[in-house]
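A.B. asks: need coordinates for the below:
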Amino acid sequence: MYPTALDCGIMPQQFWNMSVTEIVDCVDSFRRRQRQQQKQDLSIVHELVAMLSMSFNGGLKPLTELYPELFAEEIQAEQTADVAESRHRWAAAMQQRYKG
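C.D. replies: All right, here's what the predicted structure looks like:
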């Protein structure tokens, strides 16, 4: 655990004065920040590549398709929203069907 804590920026003095729970929380926080930074970096690169590809009249897949493991939460939220919208449209169609 000590090497991981050091890799996450926890100073040795801090490490030895922290509880295991505090260390785990700091490591988890570091990983979340790192993941968010990775998403930001990829978004910037993706935007640049999209601009370049548009100049060649080609297309570019969305980041969620290129890096599904990194954007799993966003993909799940989008799928949930799509299902909800689909159900709403179906319910509206059924109401129209039985009204008219």
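
A.B. asks: contact partners for the residue nearest in space to the middle of the chain?
C.D. replies: Centroid-nearest residue in the chain: residue 71, 3.5 Å away (criterion: C-alpha atoms, centre = their mean). By C-beta atoms under 8 Å, 6 or more residues apart in numbering, the contact list for residue 71 reads 39, 63-64. To be clear about C-beta, it is placed using only N, CA and C from the backbone, and glycine gets the same treatment.

A.B. asks: pLDDT at it, what is it?
C.D. replies: Turning to residue 71, the model gives it a pLDDT of 88.

A.B. asks: before we move on, what about residue 22?
C.D. replies: Confidence score, pLDDT, at residue 22: 94.

A.B. asks: quick one: it from residue 7, how far?
C.D. replies: Using C-beta to C-beta, to the nearest Å, residue 22 is found at 16 Å from residue 7.

A.B. asks: kindly report the same for residue 21.
C.D. replies: 19 Å.

A.B. asks: do residue 93 as well
C.D. replies: Counting by C-beta to C-beta, the gap from residue 93 to residue 7 is 55 Å.

A.B. asks: with residue 45 instead?
C.D. replies: 24 Å.

A.B. asks: surely residue 18 and residue 10 touch.
C.D. replies: Yes. At 7.4 Å, residue 18 and residue 10 qualify as touching, with contact defined as C-beta atoms under 8 Å.

A.B. asks: and those two? Which one has more around it.
C.D. replies: residue 10 (19 against 15; other C-beta atoms under 10 Å).

A.B. asks: quick one: pLDDT of that one?
C.D. replies: The per-residue pLDDT of residue 10 was computed as 91.

A.B. asks: what sits against the residue lying closest to it once chain neighbours are set aside?
C.D. replies: Distances taken as C-beta to C-beta, 6 or more residues apart in numbering put residue 26 closest to residue 10, at 5.7 Å, once the chain neighbours are dropped. Residue 26 makes contacts with 5, 8, 10, 18, as judged by C-beta under 8 Å, 6+ apart.
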